[in-house]
Structure formats: C-alpha cells, structure tokens
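Asker: Generate coordinates for the sequence data below:
(one chain, ligands or ions: 1)
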Amino acid sequence: MQTTSWVPLFPEQASTFAWQVDLLYFYLIAVSVAFTIPIVVAVFYFGIKYRETEKYATPDEMHGSMVLETVWSIIPFIISMTIFLGGAAVYFNQFTPPDDAMEIYIVGKQWMWKAQHQTGHREINELHVPVGRKIKLTMTTEDVLHDFFIPAFRTKMDVVPGRYTYMWFEATKPGKYHLFCAEYCGLNHSGMGGYVYVMEQRDFDNWLSGSVAGQTPVEQGRDLFMNKLGCASCHAGGANQRGAVLEGVFGHEVKLTTGETVIADEQYIRNSILNPGAQIVAGYQPIMPTFKGQVTEEQLNALVAYIKSLTPGAGQQPGGGMTSPGTNPGQAANSMTPPRADRGAESAPGSNPNTPANSNTNR
Ligand code: CUA
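Answerer: The predicted structure is shown next:
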C-alpha cells in the first residue's frame, strides 16, 4: 500500500478529479498567504513608522483616491471570481455522473457500509472496483445521516435517509485506499469505514469469479415483485391490471391524477412504494397499500433495479468486464429463472461470504 504522496500529510491522488481538487485547494492557500503576509508586514511597518513621536499632533487631511479604490475593488473581484468558477467547474464535474458508469448500490447503516454490485456480489466495509472505469454509486441509508468519503479520490457525499444520493469517480491507480464515514452518526462513527480496492480489470474479473455472487439486484427485485411482496398481482396482470403499468416507464414522464407530470426516476419509484397515495398515476385508483416498514433499503434498491430493467435501455451497466448469463437487465422481464437463495444480505461485518481471500492487489 502506497500511502505517500508528493505533498507531505496529503493522501494519494488516485482519481481523475484528485488533482483538480488539490489545485483549487492550493490556489486558495496561495491567495490566503498572498494577502496575509503583506497585511502582517504592513501592520508592523506602520506601527513603527507612525508611532507617537509628538504629543497632540494634528494629522494631515486625507482625500480619496479613485485609482486606489478601483484597484482594490477589481483585484479582489477577479480573485473571488476565479475561486467561484474553479469551484463550480470541479463541483459540476464531480456531481454529474456519466451515463456509461458502472453502477454500485451503497447502503449506510450504523455502523457499516454495505455495497451491492450489479452482478449480485455484496461487500461490507469494502468496495472493489476496476481501475480506469467510471463508477457511479447510488447511495442511501437505513437509519441516520452518513457521509461516504474516499480521501484519495477527493470525493465525498452525504448519504441521506429517505432519498437517493449519487457520487461517481474514476480511479486512476490500483491500490488500497481508506474509506470513511464523514458525518457524525453515533457511538461508533469513527469505526464506520473500510477500504476501497482498486484493481486492474483482469484482477477485478478474477475477484468477481472467485467470490460468491448472490442474486443480482434485478433478480432479487423480481423475486420480491413476483413472490415475496406480491406486487405482480396488481402490476403484472396484462390489459386489465389494477396497478399502473411499469413496463417502459422508467426515465419517462408519468401523468398523475392531479394533472401534473413527473419523471419516473429512482426517487419516484421509491416514493411510490413507500407512500403510494402521494402520486397516483392518472387512470388508476388509490388502492395500493404502503410498503413502508416492510422492505429494507436493500430490497427497495432491488425493486427499483427491477422496475428499471422493465424499460430496455434504462441504462444499468452490468459490473466489471465479466457478464454472466442472467445479469443483463434487458432480459430480466422475460427470463423467469427460479430465485436463488438470498444469502449474505444480513451478514455481520467480518463474516461477509463475499470477502475475497486474495483481495490484495497492493503495489
Ligand atoms: Cu456513519 Cu458517521
């Protein structure tokens, strides 16, 4: 593990935006130093030069200087605008996930991080990702506010109860990097962390094939939808079904009984499961019961993934370079494979069956 960086006390730069954040940071330090030093020097210089030499002296009359006032307005304006524009550019880059990113679900919980790959691989307090690949994290929490923080990638994002937040990155160097919770969340907040393992694509594929995959999110969601929760009895009944049609809905506009339209995104589907009465699709009755308290955050993620898969091209990249049969979300609606046992969902830290024995790619 390489922990040194070219600047002492700084974590390594291991993502595509690490240098951008550092550049902005050093620019801010340079601006602060460039103002602080002249001010401190001037305080001492004037303090000595204009010290009291004569009792009751009358100072000279002062007149304004247009040139001086213009200069000390324009220079700070330019400096503050470069800070603003630099910050905005870095921000927009960091918080606009690209469409072709590989998606991983993250669920925070007092006090652990659970990750689920599109291949069905699950991890706790560890996250394995391939190098040089765009990774998008769709995150939520089962309890309180947490914050997903990878210092070497110079990125962090709040994880908020009741909604999805997103983060993306592209790791540039294989290695093992700290993962932290950066929002005080109770007694063991300081212990809520782990490691991100950045691997060469080949090693990542080996890791995937060498560890046990549970149901993929889409498979798990289909299982819940068809069997465990019985959603299918209203939502998959053909032409006369009582529930809203879900095929082809994701990412598109939905017309509500109130006359307004909403985009059926992840948040909308999540809300419709937990609070179905809030946004009724035009043409349907408000008969759906709430599933609040009956589904975990991971099951919600799975249901959203399944409903997403009912819209071909709604864009979920299967994880890694390895695509096993049945992980293609586009086929999910047609292939009614019997559900596999749901394992690993509630395993405690340390007993994660998906933890690879050879997760060591440290250089
Ligand atoms: Cu979770 Cu602090």
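
Asker: For the stretch 101-250 of the chain, which residues are neighbours of the ligand?
Answerer: Where proximity means CB under 6 Å from any ligand atom, the interface of the stretch 101-250 of the chain facing the ligand comprises 108, 111, 146, 181, 183-185, 189, 192. The C-beta positions use only the backbone N, C-alpha and C, and glycine is treated the same way.

Asker: Tell me the buried residues in the helix or strand of the chain with the lowest mean pLDDT?
Answerer: Taking mean pLDDT, DSSP states H and E as the measure, the helices and strands of the chain show their lowest mean at helix 232-235, namely a mean of 78. Neighbour-count burial for helix 232-235, counted by 16 or more other CB atoms under 10 Å, picks out His235.

Asker: any idea whether Phe84 is helix, strand or coil?
Answerer: On the three-state scheme (DSSP: H, G, I helix; E, B strand; the rest coil), Phe84 is labelled helix.

Asker: Kindly apply the preceding question to Phe26 instead.
Answerer: Going by three-state DSSP: Phe26 is helix.

Asker: returning to that earlier point: distance between the helix or strand just after the least confident helix or strand of the chain and the chain's centre?
Answerer: Helices and strands here follow DSSP states H and E; after helix 232-235, the next one along the chain is strand 253-255. Distance of strand 253-255 from its chain centroid, counting by CA atoms, centre = their mean, to the nearest Å, is 27 Å.

Asker: Ok, stretch 222-241 next?
Answerer: With CA atoms, centre = their mean as the basis, the distance from the averaged C-alpha position of stretch 222-241 to the chain average is 31 Å.

Asker: Can I get it in PDB, CA atoms only?
Answerer: Taking C-alpha atoms only, stretch 222-241 is exported to PDB below (Å, rounded to 0.1, in the frame of the first residue of the first chain):
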ATOM      1  CA  ARG A 222     -38.000  -9.700  -9.500                       C
ATOM      2  CA  ASP A 223     -38.300 -12.200  -6.700                       C
ATOM      3  CA  LEU A 224     -39.800  -9.600  -4.300                       C
ATOM      4  CA  PHE A 225     -42.100  -8.400  -7.000                       C
ATOM      5  CA  MET A 226     -43.300 -11.700  -8.200                       C
ATOM      6  CA  ASN A 227     -43.300 -13.700  -5.000                       C
ATOM      7  CA  LYS A 228     -42.500 -12.200  -1.700                       C
ATOM      8  CA  LEU A 229     -44.400  -8.900  -1.800                       C
ATOM      9  CA  GLY A 230     -47.000  -9.900  -4.400                       C
ATOM     10  CA  CYS A 231     -46.700  -6.700  -6.400                       C
ATOM     11  CA  ALA A 232     -47.300  -8.800  -9.500                       C
ATOM     12  CA  SER A 233     -50.900  -9.500  -8.600                       C
ATOM     13  CA  CYS A 234     -51.800  -5.900  -9.500                       C
ATOM     14  CA  HIS A 235     -48.900  -4.700 -11.600                       C
ATOM     15  CA  ALA A 236     -48.500  -7.700 -14.000                       C
ATOM     16  CA  GLY A 237     -52.000  -8.700 -14.900                       C
ATOM     17  CA  GLY A 238     -52.000  -7.800 -18.600                       C
ATOM     18  CA  ALA A 239     -54.500  -5.400 -20.100                       C
ATOM     19  CA  ASN A 240     -56.900  -5.300 -17.100                       C
ATOM     20  CA  GLN A 241     -54.400  -5.000 -14.300                       C
END
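
Asker: For it, buried residues please.
Answerer: Neighbour-count burial for stretch 222-241 [16+ other CB under 10 Å]: 222-226, 229, 231, 235-236.

Asker: Now the two most distant members of those residues.
Answerer: The widest separation within those, taken as CB to CB, falls between Asp223 and His235 and amounts to 14.6 Å.

Asker: host element of Val129?
Answerer: Once you assign secondary structure using DSSP H and E, Val129 falls within strand 126-130.

Asker: Now the element after that strand, going C-ward?
Answerer: The next secondary structure element downstream of strand 126-130 (using DSSP H and E) turns out to be strand 134-141.

Asker: which helices and strands sit right next to the next helix or strand after that next one?
Answerer: Toward the C-terminal end, the helix or strand that comes next after strand 134-141 (DSSP H and E) is strand 146-150. Contact partners of strand 146-150 among helices and strands, from 3 or more CB pairs under 8 Å, 6 or more residues apart in numbering; DSSP states H and E: strand 102-109, strand 155-159, strand 175-181.

Asker: So for Ile269, which of the ones you listed sits nearest?
Answerer: Minimum separation from Ile269 across those (CB to CB) falls at strand 102-109, 14.0 Å.

Asker: Tell me the helices and strands packed up against the following helix or strand past that closest one.
Answerer: Note on strand 102-109: by DSSP H and E, the next helix or strand toward the C-terminus is strand 112-117. Judged by 3+ CB pairs under 8 Å, 6+ apart, strand 112-117 is in contact with strand 102-109, strand 122-124, strand 126-130, helix 297-309.

Asker: pLDDT on strand 112-117, on average?
Answerer: Within the predicted structure, the mean pLDDT of strand 112-117 is 91.

Asker: can you check stretch 203-216 too?
Answerer: In the prediction, stretch 203-216 has an average pLDDT of 80.

Asker: give me every residue that touches the nearest residue to Ile263 once chain neighbours are set aside.
Answerer: Computed as CB to CB, 6 or more residues apart in numbering, the closest residue to Ile263 that is not its neighbour in sequence is Glu253, at 6.0 Å. When contacts are counted by CB atoms under 8 Å, 6 or more residues apart in numbering, Glu253 is found next to 261-264.
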